[in-house]
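Novice: Pasted the sequence and its predicted model underneath.
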Amino acid sequence: MARPRVRLRLVLSDERAIGPGKADLLAAVHEYGSIAAAGRSLGMSYQRAWSLIDALNATFRSPLVTASRGGASRGGAALTPTGHEVLARYRAIEHKTAELCREELEGIARLAKRGTPAISKRR
């Protein structure tokens, strides 16, 4: 059976949060250098990826992602230093939480049915 893992949603205010989907999108932008390619890699539409990036950029004092237009040869996107820091801190919170809750996670895993259908990878 797969080891359970922690996926957190950090609520910064009533209207602003960062969770697994946004963190995965930031990581994919870093990996692919493109918002469109990052969205595709996560099974989301171009519009959805842009919407989430806009929400992230509006959430923090400085943007997490910068993008330039221009097509495949001149366009692209990259994480800013703030984007790298937010992603690193989010992943550190996930990791530390999993370590602190290891015993509880293992206990829940022992209680779970084997062969339980997987949750959506888009979450």
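Specialist: Great, that's in hand.
Novice: Give me the pLDDT for Leu12.
Specialist: Per-residue pLDDT puts Leu12 at 94.
Novice: isn't it right next to Thr59, touching?
Specialist: Yes: between Leu12 and Thr59 a contact is recorded at 6.4 Å, counting by Cβ atoms under 8 Å. All C-beta atoms are positioned from the backbone trio N, CA, C, and that covers glycine.
Novice: what sits in contact with each of these two?
Specialist: Ile18 (Cβ atoms under 8 Å, 6 or more residues apart in numbering).
Novice: Pick out whichever of these two has more residues nearby.
Specialist: More crowded of Leu12 and Thr59, by other Cβ atoms under 10 Å: Thr59, with 17 against 10.
Novice: what's the spacing between that one and Ser13?
Specialist: Applying Cβ to Cβ, to the nearest Å, the value for Thr59 to Ser13 is 8 Å.
Novice: Identify the contacts common to the two.
Specialist: Common neighbours of Thr59 and Ser13 (Cβ under 8 Å, 6+ apart) do not exist.
Novice: roughly how far apart are the residue nearest to the spatial centre of the chain and Gly107?
Specialist: Centroid-nearest residue in the chain, with Cα atoms, centre = their mean: Ala23, separated by 1.8 Å. According to Cβ to Cβ, Ala23 stands 26 Å off from Gly107.
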